[in-house]
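K.L.:
what's the 3D shape of this:
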Amino acid sequence: MPGSPGPRCGFRNREALDTARIVAIGDSQTWGVNASIDEIWPSQLGQLSMASTHTMGRGGYAMPQYVTLLRKGLALEPDLIVVALYSGNDDPWEAYRTVYGLPHWAKWRLPEASGLDLSNDPTAAAAAHHLASAARTYEGAAFVHAADHLGPSGA
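P.N.:
Just a heads-up that it's a prediction; the model follows:
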């Protein structure tokens, strides 16, 4: 069924690609909940740029998963990787909850940080607030650093 989970590890792509000019990484916003495969932003980006695009988004993913996906995305030898951050849940606290709350991520933990309650740390709280504000400022904006060489050739 076109647009269903499929090619390449259950991500939402029409076909499995050995290479892609653009790789899109993110959570449910990238997966495109309640949208057809042609309506999701990675597909739209691929159509507008006329470049082959590979989507690597899953609902519930957060920054730790994005790092893992980045390594896999690089294997597709892209010209551009776009990591979509959603300020509604892609914040430092979500990354902390993922790494320190799920056993699978234990190898990422810093021994001295295990069990810390960062909610009472004014420095960490200020940093988290700053990052969340910055994310809200740029939410929805498109940053394409390699746009000058994206186009029909090699798409």
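K.L.:
going forward, measure contacts and count neighbours with C-alpha atoms only.
P.N.:
OK.
K.L.:
which parts of stretch 65-84 are buried?
P.N.:
Neighbour counts over stretch 65-84 (16 or more other C-alpha atoms under 10 Å) mark 65-66, 69-70, 73, 76, 78-84 as buried.
K.L.:
show me what it is in contact with.
P.N.:
Stretch 65-84 is contacted from outside by 17-27, 30, 56, 144-146, using C-alpha atoms under 8 Å, 6 or more residues apart in numbering.
K.L.:
give me the buried entries from those.
P.N.:
So, by 16+ other C-alpha under 10 Å, the buried ones in the contacts of stretch 65-84 are 19, 20, 21, 22, 23, 24, 25, 26, 27, 30, 56.
K.L.:
quick one: residues contacting the last one.
P.N.:
This means residue 56. Counted by C-alpha under 8 Å, 6+ apart, residue 56 has contacts 11, 12, 23, 24, 25, 26, 30, 31, 69, 73.
K.L.:
export those to JSON lines and append columns for secondary structure and pLDDT.
P.N.:
Below are the contacts of residue 56 laid out as JSON lines (DSSP: H, G, I helix; E, B strand; the rest coil; pLDDT from 0 to 100):
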{"residue": "11", "secondary structure": "coil", "pLDDT": "88"}
{"residue": "12", "secondary structure": "coil", "pLDDT": "88"}
{"residue": "23", "secondary structure": "strand", "pLDDT": "95"}
{"residue": "24", "secondary structure": "strand", "pLDDT": "95"}
{"residue": "25", "secondary structure": "strand", "pLDDT": "93"}
{"residue": "26", "secondary structure": "strand", "pLDDT": "93"}
{"residue": "30", "secondary structure": "helix", "pLDDT": "94"}
{"residue": "31", "secondary structure": "helix", "pLDDT": "93"}
{"residue": "69", "secondary structure": "helix", "pLDDT": "89"}
{"residue": "73", "secondary structure": "helix", "pLDDT": "90"}
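K.L.:
farthest-separated two in those?
P.N.:
Greatest spatial distance among these (C-alpha to C-alpha): 31 and 73, at 15.2 Å.
K.L.:
circling back: nearest to residue 104 among the buried residues of stretch 65-84?
P.N.:
Nearest to residue 104 among the buried residues of stretch 65-84, with distances taken as C-alpha to C-alpha, is residue 65, at 11.1 Å.
K.L.:
from residue 71, how far out is the closest one?
P.N.:
Separation of residue 65 from residue 71 (C-alpha to C-alpha, to the nearest Å) stands at 10 Å.
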